[in-house]
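Q: Sharing a model that was predicted from the sequence below.
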Amino acid sequence: MPPKEELQFPVDWTYRIICLAELEAEALEAIAAALQEHGCDKTPERGRNSSGGKYRTYQVTVTFSDLPSMRQLSSKLNAAPGVKFLL
């Protein structure tokens, strides 16, 4: 089994956020609020739509200084209304 790599902080982490198209506005509002609370002024970049149009993807890169803040933001992003997956 290969050795497990550990994150070295500070680290730039890119989130890929997949949300329901019908709740896109609500999801983006909650995502922006979570990012702002973390001290990040970046706006998620819109990515692709699913082939059926049900999902939208967004991407944002955030710099973290420690693991607890990374976990906290990940939890808030994942709990945003309309967010189905957080990668």
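A: Alright, I've got the coordinates. Not measured: the values here are computed from a predicted model.

Q: how about the nearest residue to the residue nearest the centre of the chain, chain neighbours excluded?
A: For the chain, Tyr15 is the residue whose C-alpha lies nearest the centre (C-alpha atoms, centre = their mean; 4.2 Å). The shortest distance from Tyr15 to any non-neighbouring residue, by C-beta to C-beta, 6 or more residues apart in numbering, is to Val60 (5.4 Å). Where C-beta positions appear, they are placed from N, C-alpha and C, glycine not excepted.

Q: who are the neighbours in contact with that neighbour?
A: 14-15, 17, 31, 35, 40, 42-45 (C-beta atoms under 8 Å, 6 or more residues apart in numbering).

Q: Show residues contacting the lengthiest helix in the chain.
A: Ranked by residue count and defined by DSSP state H, the top helix of the chain is helix 24-38. For helix 24-38, the surrounding residues in contact (C-beta under 8 Å, 6+ apart) are 17, 19-20, 41-44, 56, 58, 60, 62, 69, 72-73, 76-77, 79-83.

Q: re the thing from before, which of the contacts of Val60 are buried?
A: Buried members of those, scored by 16 or more other C-beta atoms under 10 Å, are 15, 17, 31, 35, 40, 44.

Q: what's the most distant pair in those residues?
A: Ile17 and Cys40 (13.4 Å; C-beta to C-beta).

Q: Check which element follows the strand or helix carrying the residue nearest to Tyr15 along the chain.
A: Assigned by DSSP states H and E, Val60 falls within strand 55-64. Heading C-terminal from strand 55-64, the first helix or strand you meet, by DSSP H and E, is helix 67-78.

Q: Would you tell me what the next helix or strand after that following helix is?
A: strand 83-86.

Q: Show me what that following strand is packed against.
A: strand 11-20, helix 24-38, helix 67-78 (3 or more C-beta pairs under 8 Å, 6 or more residues apart in numbering; DSSP states H and E).

Q: Arg16 versus Arg56, what's the distance?
A: Distance from Arg56 to Arg16, counting by C-beta to C-beta, to the nearest Å: 11 Å.

Q: Thanks a lot, catch you later.
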